[in-house]
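> generate coordinates for the sequence data below:
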Amino acid sequence: MLFDAECGVCRRLVGWLAARDSDGCLAFRPLQESGLLRRLSIDPGAARADIHAVDLNRARGRVKSGADAVALVISRASGLGSLRVLIRLPFAVRMVDIAYRALARGRRIGAGCC
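I've put the predicted structure just below:
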């Protein structure tokens, strides 16, 4: 999962997820890491506007963004049992998308969430 290392909320979320990933299925990389976005063919503006995750179980690592990235991370984290079940519900990804976009919008306009 790529995250904004300059964002306090993002850093806390990574810490929370890492603490619940008992099988070590998740990896976290700051989007500020030198050359990372270029290697993954992700536009820097898009990386700051939306969460991104790379599905390394797919050939050549498939990049997902937004709610699809959140769903991927939840589905892979071993210690998120109930969330893993909930994210499969038809409306769940849409609700995650709405919540994430509100958070991301607040980050971009400096609403103090970070």
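
> residue boundaries of the strands in the protein?
2-3, 29-30, 52-55, 62-65 (DSSP state E).

> tell me which other helices or strands the first one touches.
Under the contact definition 3 or more CB pairs under 8 Å, 6 or more residues apart in numbering; DSSP states H and E, strand 2-3 sits against helix 8-20, strand 29-30, strand 52-55. Using the backbone N, CA and C atoms, a C-beta is placed for each residue, glycine as well.

> what does the last one give?
Counting contacts by 3+ CB pairs under 8 Å, 6+ apart, strand 62-65 is packed against strand 52-55.

> would you map the helices across the chain?
Assigned by DSSP state H, the chain shows helices spanning 8-20, 36-40, 44-49, 66-76, 81-86, 92-108.

> of all these, which one is nearest residue 30?
Nearest to residue 30 among the helices of the chain is helix 36-40 (7.9 Å), distances taken as CB to CB.
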